[in-house]
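>>> What shape does this take:
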Amino acid sequence: MAELAQRVRRAVGDHVPGVTLVIVGPEGVRDRVGVGAADLVAGTPMGPDLAAPWFSMTKIATATTAMALAERGELDLDAPVAAMAPASHELLPRDQADRITPRHLLQHSAGIANPIPVKWIHPVDVPGPDPETFLTDLLHMHPKLRFEPGARSSYSNLGTLLLGSAIAHVTGDPFPAVLQREVLTPVGMRATGFAYPDGVGAATGYHPRWSPMRAMLPRWVVGEPAGRWVGFRRFLLDGSAYGGLVGTADDAARFLRMHLCDGELDGARIISAGAAAEMRDIRMRGKRFDLGLGWFRPADRRDADPPFVEHLGGGAGFFNVMRLYPTVGVGAIVMGNATKYDVDAVAALALDIG
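Alright, predicted model coming up:
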């Protein structure tokens, strides 16, 4: 562990106060380490048992939920989403919007806009907005499709919010409850949910103190300075499906092991092996990312050896990645408490351990 900690520290330098790496194989955790500080003021060390926002890593859990429902016939991946999610009627032009399906949303190929979500947050002790009203208002402000559905891939948080709305409508339950039932509970992720978990420590997010990004954030979220960093007060995201999970790297490692085991963990079958493989099947090309059904691969890493699929998760104060190397049976969870650092270099260390 000491050697791995040294390698993680060399990979990130002083660009993040603290970072944790969990390396998994199908059989379990192969190594786990925390480096640096979870809180610079309190001096709390970083560790994989501390909670942090998942941000867009949530999208893989959302995609897994969609696949589980699809296998039971509750969600048709190739049916028009307009019949499942009323908010989609804000999208224009209508003839193209009516062709959008859940599969398009999973592949980010629906053509839906992707406005910057920097202010889509609320304090942990304040209720968030009504999810359907929030989504409808956003689509009303950004109605125009950027291209015809299925033409190419272009990342969209709004698209995943629309998928979450469809899931809520076809099941009759709030989206967070569906994801809890379909994924978190059966995988045994007891320290992950859509709020900070009780009885679990948490990392503080940090950003360079003099960065102009601070001007874009709500003033209440900016907390104590610590040297060249400024901390952020805890917040939750306004949209659950695209990035709302908060949890530990240890829990995220259980989720990743389930995908390494083709949809099953500790005797609990979440999705079929075929569905897990289909999620990893990269078919839709894009400028930045090539997409499967949820999982993506950076467009500039198409020839990576061994190949991998992943999902990043970043926002104010945190940057994470969940990466899977299917051909060698290795996965990596990286969670760090700075807005930007070399997360790729940390994830790649999994190949040396695995």
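>>> For this protein, which segments are assigned as helices?
2-12, 58-71, 94-97, 102-106, 131-141, 157-171, 175-179, 185-187, 240-243, 249-260, 273-280, 343-347, 350-353 (DSSP state H).
>>> Show the pLDDT at the closest residue to residue 301 other than its chain neighbours.
Nearest residue to residue 301 in three dimensions, chain neighbours excluded: residue 308, at 7.6 Å (Cβ to Cβ, 6 or more residues apart in numbering). C-beta coordinates here come from the backbone N, C-alpha and C atoms, glycine included. Note on residue 308: pLDDT of 98.
>>> Can you tell me how far residue 308 is from residue 223?
Residue 308 sits 35 Å away from residue 223, going by Cβ to Cβ, to the nearest Å.
>>> Between the two, which is the more surrounded one?
Neighbour count, other Cβ atoms under 10 Å: between residue 308 and residue 223, residue 308 has more, with 24 against 16.
>>> so can I have JSON lines of the helices of the chain showing distance to residue 267?
Formatted as JSON lines, these follow (distance: least, Cβ to Cβ, whole Å):
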{"stretch": "helix 2-12", "distance to residue 267": "30"}
{"stretch": "helix 58-71", "distance to residue 267": "16"}
{"stretch": "helix 94-97", "distance to residue 267": "42"}
{"stretch": "helix 102-106", "distance to residue 267": "27"}
{"stretch": "helix 131-141", "distance to residue 267": "33"}
{"stretch": "helix 157-171", "distance to residue 267": "24"}
{"stretch": "helix 175-179", "distance to residue 267": "21"}
{"stretch": "helix 185-187", "distance to residue 267": "10"}
{"stretch": "helix 240-243", "distance to residue 267": "28"}
{"stretch": "helix 249-260", "distance to residue 267": "11"}
{"stretch": "helix 273-280", "distance to residue 267": "15"}
{"stretch": "helix 343-347", "distance to residue 267": "28"}
{"stretch": "helix 350-353", "distance to residue 267": "25"}
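>>> Out of those helices, the one nearest residue 232 is which?
Closest to residue 232 of these is helix 240-243 (Cβ to Cβ; 15.2 Å).
>>> quick one: the closest one to chain centroid distance?
Its chain's C-alpha centre and that of helix 240-243 lie 8 Å apart, by Cα atoms, centre = their mean, to the nearest Å.
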